[in-house]
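**Q** Need coordinates for the following:
(one chain, ligands or ions: 1)
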Amino acid sequence: MTSPALQSSVLVLNNHFAAVRIINARRAFAMVWKNIAEVVRWVEPEFSMHDFHSWKELSQLREKFDHTDEWVHTVNFTIAVPRIIRLLNYKKMPQPGVKFSRRNIYARDRNRCQYCGKSFSSSELTLDHVLPRSRGGKATWDNIVCACVKCNHKKAGRIPKEAKMKLIKVPRMPQKNPIIQHKLQLVKYRLWRQFLSDAYWNVELKD
Ligand SMILES: [Zn+2]
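**A** I've put the predicted structure just below:
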């Protein structure tokens with residue numbers, strides 16, 4: 001199967017319907033195909049669960065008139081990209097707190113250099129220790145920010161004040177996962193809201 005729709009994100013729930021991570025549609029299809037997970041379809045006011053076969057059948061029924069979904073076309077059939085799947089044997093609950101990771105830092109800072117304020121692609125950004133490592137600065141949410149190469153170079157091993165530079169905002173640990181927050185603004189992921197109560201905001205991203 002090849003389709004850009006396979007890069008779409010799918011919310012993964014554990015056995016108890018708590019959101020645990022986000023993966024891409026390609027992996028989601030593989031998990032449903034292997035019966036590790038089932039598709040969760042939400043149509044107000046209730047949801048239904050489907051194995052690969054029933055999801056494929058339902059997709060074929062809906063294909064003619066449903067234009068809101070994304071579709072993957074194979075040689076033999078067309079199937080809708082699921083938005084949510086549920087792991088059949090996974091009971092672990094998600095860890096509290098937003099994971100401290102490069103991706104989440106970039107998302108928190110919206111890919112903007114926190115010194116000059118300009119936007120960059122991820123590959124053009126570096127992570128800067130506000131209080132330099134050489135002075136005991138730690139890799140923590142409140143001491144790591146995105147910086148462009150130019151600003152990082154200019155700041156070198158100094159604190160912002162010494163370099164006559166200013167942070168555009170005070171770095172903090174985000175309350176909610178910034179990547180999910182961003183995705184929730186897209187219509188195609190709005191179904192996720194059902195499963196993202198405050199307790200489950202901090203799902204891990206694995207795509
Ligand atoms: Zn900069």
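
**Q** Ramachandran coordinates for the closest residue to Val32 other than its chain neighbours?
**A** Leaving aside its sequence neighbours, Val32 sits nearest to Phe52 (Cβ to Cβ, 6 or more residues apart in numbering; 4.9 Å). Backbone N, C-alpha and C define where each C-beta goes, glycine included. Backbone torsions of Phe52, given as degrees, to the nearest 10, read phi -60, psi -40.

**Q** Ser134 should be in a strand, yeah?
**A** No: using DSSP: H, G, I helix; E, B strand; the rest coil, the secondary structure at Ser134 is helix, not a strand.

**Q** Stretch 185-205 - what's its average pLDDT?
**A** Stretch 185-205 shows a mean pLDDT of 71.

**Q** My error: substitute stretch 110-117 in the last question.
**A** Taken as a whole, stretch 110-117 carries a mean pLDDT of 97.

**Q** is that stretch anywhere near the ion?
**A** Yes: using Cβ under 5 Å from the ion, we find that stretch 110-117 touches the ion at 113, 115-116.

**Q** about what we covered before: just give the number of residues close to the residue nearest to Val32.
**A** 18 (other Cβ atoms under 10 Å).

**Q** What of Arg172?
**A** Counted with other Cβ under 10 Å, residues neighbouring Arg172 total 9.

**Q** wait, it sits on Trp141?
**A** Yes: Arg172 is within contact range of Trp141, at 6.2 Å (criterion: Cβ atoms under 8 Å).

**Q** Tell me which residues touch the residue nearest to Val32, please.
**A** Contact partners of Phe52, counting by Cβ atoms under 8 Å, 6 or more residues apart in numbering, are 29, 32-33, 35.

**Q** from these, which is closest to the ion?
**A** Phe29 (40.3 Å; Cβ to the ion).

**Q** separation between the closest one and Phe17?
**A** 20 Å (Cβ to Cβ, to the nearest Å).

**Q** which of those two has more neighbours?
**A** Ranked by neighbour count (other Cβ under 10 Å), Phe29 and Phe17 place Phe29 first, with 22 against 13.

**Q** tell me the phi and psi of the more buried one?
**A** phi -60, psi -40.

**Q** Do I have it right that it meets Leu6?
**A** Yes: at 7.5 Å, Phe29 and Leu6 qualify as touching, with contact defined as Cβ under 8 Å.

**Q** Around the residue nearest to Leu131 when sequence neighbours are not counted, count how many other residues there are.
**A** The shortest distance from Leu131 to any non-neighbouring residue, by Cβ to Cβ, 6+ apart, is to Gly137 (3.4 Å). For Gly137, the count of nearby residues is 16 (other Cβ under 10 Å).

**Q** now do His16
**A** 12.

**Q** so what's it up against?
**A** Per Cβ under 8 Å, 6+ apart, neighbours of His16: 91, 93.

**Q** State the pLDDT value of it.
**A** Note for His16: predicted pLDDT of 86.

**Q** can you check the one 3 residues further on too?
**A** Model confidence at Ala19, expressed as pLDDT, equals 86.

**Q** so what's it bridging to?
**A** Under DSSP bridges, the beta-bridge partners of Ala19 are Leu13.
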